[in-house]
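> next one to model:
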Amino acid sequence: MLEKLGELIRTHRKQKKWSQQQLAQLSGLDRTTIGALERDDYSDIGIRKVQRILEVLGLTLSVKPYGLPDLDELKGMK
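From the prediction side, this is the model:
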């Protein structure tokens with residue numbers, strides 16, 4: 001969920017004790033880009049920028065199906 005992405009990035013950045021400026025330098029981006037992403041403002045941020053930030057933080061972006069579980073998934077939840 002995108003609304004959790006900014007929080008995730010902020011949390012991992014702070015765990016590394018990095019400022020937004022340090023993360024920006026390490027990812028080759030502007031500090032304002034990091035700040036916007038952490039505020040969940042995606043209006044001018046492409047997927048490649050997000051990937052660079054996540055790579056620097058040691059994270060990866062994945063996509064999974066969204067919706068209700070099917071019968072097989074429900075059976076496996078027991």
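
> does residue 29 touch residue 48 like I think?
No - Residue 29 lies out of contact with residue 48 (CB atoms under 8 Å); the separation is 10.1 Å. All C-beta spots, glycine's among them, are computed from the backbone N, C-alpha and C.

> more crowded one of these two?
Neighbour totals were compared for residue 29 and residue 48, and residue 29 leads with 17 against 8 (other CB atoms under 10 Å).

> now for the more buried one: which residues touch it?
By CB atoms under 8 Å, 6 or more residues apart in numbering, the contact list for residue 29 reads 49, 52-53.

> which residue ranges of this protein form helices?
Assignment of helices within the chain using DSSP state H yields the ranges 2-15, 20-27, 31-38, 47-56, 71-76.

> any buried residues in the last one, and which?
It stands for helix 71-76. Buried residues in helix 71-76, counting neighbours by 16 or more other CB atoms under 10 Å, are absent.

> just the fourth one next, same as before
Neighbour counts over helix 47-56 (16+ other CB under 10 Å) mark 49-50, 53-54, 56 as buried.

> same list (these) but as TSV, adding pLDDT.
Shown next, in TSV, are the buried residues of helix 47-56 (pLDDT from 0 to 100):
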residue	pLDDT
49	93
50	93
53	96
54	95
56	97
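
> from those, which is closest to residue 10?
residue 53 (10.9 Å; CB to CB).

> and that closest one, how far from residue 74?
According to CB to CB, to the nearest Å, residue 53 and residue 74 sit 36 Å apart.

> OK, contacts around residue 33?
24, 44-45, 49.

> just the buried subset of those, please.
Counted by 16+ other CB under 10 Å, the contacts of residue 33 give 24, 49 as buried.
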